[in-house]
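> What follows is a predicted protein model with its sequence.
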Amino acid sequence: MNNQNAADNYRNKILAQSAELMQQLATNSGFFKYYYKVLPNFKSQQAAFIIVNQLYYLLFGEEKYNSFDGFRKAKNRDLKN
């Protein structure tokens, strides 16, 4: 396998992972599930939110939530349902 093939394979793997992550983060419940998945890796809930919201921004070109407070309110509403 030459360098170009290796690069193409790596690119395809990244694109597949990005597509999978986009599919998950696209829904509110998927966003919350991913947030809870990564939460243990952060010192605060807000830090985890900032990273997941930034990831959403990188994938979709816009933030899912304008603020941590807005996210928290949506999460609490989701938990009640």
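Cool, got the structure.
> Checking Tyr35 next. Helix, strand or coil?
Following DSSP: H, G, I helix; E, B strand; the rest coil, the label given to Tyr35 is helix.
> Surely it touches Leu55?
No. With contact defined as Cβ atoms under 8 Å, Tyr35 and Leu55 do not form a contacting pair (10.2 Å). Any C-beta I mention is one placed from the backbone N, CA and C, and that applies to glycine too.
> just the helices in the protein please.
With helices called from DSSP state H, the chain shows them at 3-25, 28-38, 45-60, 68-80.
> Output those helices in a markdown table, with mean neighbour count and mean pLDDT appended to each entry.
Supplementary listing: these in a markdown table, determined by neighbours: other Cβ atoms under 10 Å; pLDDT from 0 to 100:
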| stretch | mean neighbour count | mean pLDDT |
| --- | --- | --- |
| helix 3-25 | 11 | 88 |
| helix 28-38 | 15 | 95 |
| helix 45-60 | 16 | 96 |
| helix 68-80 | 13 | 91 |
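> From Phe68, how far out is Asn53?
In this structure, Asn53 and Phe68 are 8 Å apart, going by Cβ to Cβ, to the nearest Å.
> go on, Gln54?
With distances taken as Cβ to Cβ, Gln54 is found 12 Å from Phe68.
> ok, now Gln46?
As judged by Cβ to Cβ, Gln46 and Phe68 stand 5 Å apart.
> now swap in Arg77 and tell me
With distances defined as Cβ to Cβ, the gap from Arg77 to Phe68 amounts to 15 Å.
> and what of Lys37?
According to Cβ to Cβ, Lys37 and Phe68 sit 18 Å apart.
> same question, Ile14
Relative to Phe68, Ile14 is positioned 29 Å away (Cβ to Cβ).
> same thing with Phe42?
When distances are taken as Cβ to Cβ, Phe42 and Phe68 turn out to be 13 Å apart.
> what's the first-to-last distance across stretch 62-73?
Its start and end residues considered, stretch 62-73 measures 19 Å (Cα to Cα, to the nearest Å).
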